[in-house]
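Enquirer: this is the structure alone, sequence omitted:
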Ligand SMILES: NC(=O)c1ccc[n+]([C@@H]2O[C@H](COP(=O)([O-])OP(=O)(O)OC[C@H]3O[C@@H](n4cnc5c(N)ncnc54)[C@H](OP(=O)(O)O)[C@@H]3O)[C@@H](O)[C@H]2O)c1
């Protein structure tokens with residue numbers, strides 16, 4: 001089993017939980033974290049880890065922080081690593097769906113993948129490289145349960161295009177690589193309203209709209225972050241891997257948009273008024289303006305796609321299926337005010 005794992009993106013939603021899952025497993029973690037100095041990078045990571053239900057101060061003893069930047073050669077580490085890691089888990093990314101950030105999305109996700117490969121070749125050529133991609137590289141065929149062998153297809157944006165390209169770079173590297181593709185990941189167990197907002201900020205906006213152009217029967221594949229992080233840690237630490245590409249997803253236990261809305265309304269009655277009316281052209285100008293920030297998400301929500309998880313569950317039998325989204329989505333939505341949602345909506 002790997003004794004020493006380098007993790008990028010540790011201040012983020014998924015990377016932070018991955019660090020804690022690895023530390024709990026007794027692994028030594030090196031976290032490459034942005035920050036003008038070592039002290040700032042360490043403080044930023046500590047602030048993030050402390051928000052998790054899995055945090056305990058003694059786990060920090062397992063974690064070394066290095067100030068770095070994954071868009072720089074050698075991840076910008078000075079001096080370079082003394083001891084090579086047995087595994088690198090690359091969670092760092094620009095996850096913006098908006099094409100306005102296309103240049104930075106490409107620099108971070110594709111450039112980052114190139115630096116990841118070069119870094120591993122130079123400093124840890126025998127390390128397993130775990131690349132965290134996204135299930136949304138494929139959003140078709142609609143209405144289906146798709147497996148990892150399904151060709152890229154369906155709606156795309158700068159983010160998903162960058163992830164497709166990054167996967168190709170990592171896979172072609174000849175290193176010991178594995179690609180993990182989580183579905184939508186939500187922040188169960190993290191005490192942070194900003195992380196809860198990720199995609200759920202849309203819910204208060206939907207309440208203001210009343211009608212939303214999403215099919216009530218469309219399945220939305222969602223997994224909680226603690227489950228996602230455990231899957232990533234298990235794959236990182238597995239002595240051998242039967243496959244090199246896995247979904248981390250709810251698959252056939254994914255719930256429909258209406259089931260999710262009903263669960264949210266049951267816990268938060270103020271959200272009762274949201275009516276999923278299926279795909280239909282937006283008419284009123286004001287409504288179109290309100291909907292603009294949601295537009296990037298609607299194709300995913302209407303794709304009615306579930307990402308098969310039998311490969312992961314078959315190869316890692318201890319993992320088990322994820323909790324139903326209706327068991328944790330309502331309490332996350334409850335953390336988000338309309339003011340938060342509007343702030344997210346107008347964020348450049
Ligand atoms: N969240 C989801 O629903 C979801 C679903 C499927 C796949 N994924 C994938 O999972 C991975 C993690 O996503 P996430 O939701 O945890 O994202 P996130 O919360 O936005 O975190 C992104 C992380 O990447 C770091 N980062 C960005 N640019 C960097 C750079 N140049 N150098 C070093 N670190 C950098 C950020 O650091 P700073 O704090 O310094 O900005 C942050 O720690 C990504 O690859 C994403 O594509 C996420």
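Expert: Cool, got the structure. On a predicted model such as this, the values are computed, not experimentally measured, just so you know. Numbers count the residues shown, from 1 in each chain.

Enquirer: how many neighbours does the nearest residue to residue 227 once chain neighbours are set aside have?
Expert: Once flanking residues are discounted, residue 227 sits nearest to residue 322: 4.6 Å by Cβ to Cβ, 6 or more residues apart in numbering. C-betas here are computed from N, CA, C, even on glycine. By other Cβ atoms under 10 Å, 27 other residues sit near residue 322.

Enquirer: how about the secondary structure of residue 322?
Expert: For residue 322, the assignment made with DSSP: H, G, I helix; E, B strand; the rest coil gives coil.

Enquirer: in three-state terms, label residue 174 for me.
Expert: Classification of residue 174 using three-state DSSP returns coil.

Enquirer: can you pull the pLDDT of it?
Expert: Each residue has a pLDDT score; the one for residue 174 is 97.

Enquirer: distance check, it against the ligand.
Expert: Between residue 174 and the ligand the computed distance is 22 Å (Cβ to the nearest ligand atom, to the nearest Å).

Enquirer: contacts only, for whatever residue of the chain ends up closest to the ligand.
Expert: Closest residue of the chain to the ligand, Cβ to the nearest ligand atom: residue 12 (2.1 Å). Neighbour list for residue 12: 48, 91-93 [criterion: Cβ atoms under 8 Å, 6 or more residues apart in numbering].

Enquirer: can you map out the helices along the protein?
Expert: Ranges of helices within the chain are 13-24, 38-49, 102-106, 112-123, 158-171, 193-200, 202-209, 225-237, 257-267, 285-291, 298-302, 310-315, 329-333, 338-346, based on DSSP state H.

Enquirer: could you single out the most deeply buried of those helices?
Expert: Of all these, helix 13-24 has the most neighbours on average by mean count of other Cβ atoms under 10 Å, namely a mean of 26.

Enquirer: show residues contacting stretch 140-155.
Expert: For stretch 140-155, the surrounding residues in contact (Cβ under 8 Å, 6+ apart) are 137-139, 164, 181, 243, 245-247, 251-252, 299-300, 302-308, 310-311.

Enquirer: which of those residues are buried?
Expert: Neighbour counting with 16 or more other Cβ atoms under 10 Å marks 137-139, 164, 181, 245-247, 251, 299-300, 302-308, 311 as buried within the contacts of stretch 140-155.

Enquirer: ok so, going back, for the residue of the chain closest to the ligand, give its distance to residue 297.
Expert: Per Cβ to Cβ, to the nearest Å, residue 12 is found 19 Å from residue 297.

Enquirer: do the same with residue 199
Expert: In terms of Cβ to Cβ, residue 199 sits 6 Å off from residue 297.

Enquirer: which helix or strand in the protein has the lowest average pLDDT?
Expert: In the chain, no helix or strand scores lower on mean pLDDT, DSSP states H and E than helix 285-291, which sits at a mean of 60.

Enquirer: per-residue pLDDT of the closest residue in space to residue 46 that isn't next to it in sequence, please?
Expert: Nearest residue to residue 46 in three dimensions, chain neighbours excluded: residue 60, at 6.8 Å (Cβ to Cβ, 6+ apart). Predicted confidence (pLDDT) for residue 60: 97.

Enquirer: where does pLDDT dip in the stretch 201-348 of the chain?
Expert: Low-confidence segments of the stretch 201-348 of the chain (pLDDT under 70): 281-293, 345-348.

Enquirer: 90 - rerun?
Expert: Scanning the stretch 201-348 of the chain with the threshold set as pLDDT under 90 gives 201-214, 268-271, 273-301, 333-348.

Enquirer: repeat that for the stretch 51-200 of the chain.
Expert: Applying pLDDT under 90 to the stretch 51-200 of the chain flags the ranges 78-82, 96-101, 155, 193-194, 196-200.

Enquirer: please enumerate the strands of it.
Expert: Secondary structure of the stretch 51-200 of the chain (DSSP state E, counting those that start in this stretch): strands at 63-67, 87-90, 128-132, 145-146, 176-182, 184-186.

Enquirer: point out the most buried one among these.
Expert: Comparing the strands of the stretch 51-200 of the chain by mean count of other Cβ under 10 Å gives strand 87-90 as most buried, with a mean of 29.

Enquirer: so is that one next to the ligand?
Expert: No: residues of strand 87-90 are not located near the ligand by Cβ under 6 Å from any ligand atom, the shortest gap being 7.4 Å.

Enquirer: direction included, what does that strand pair up with?
Expert: When pairing is defined by DSSP bridges, strand 87-90 lines up against strand 4-8 (parallel), strand 128-132 (parallel).

Enquirer: any chance of those strands in TSV, with distance to residue 315 too?
Expert: Below are the strands paired with strand 87-90 laid out as TSV (distance: least, Cβ to Cβ, whole Å):
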stretch	distance to residue 315
strand 4-8	19
strand 128-132	14
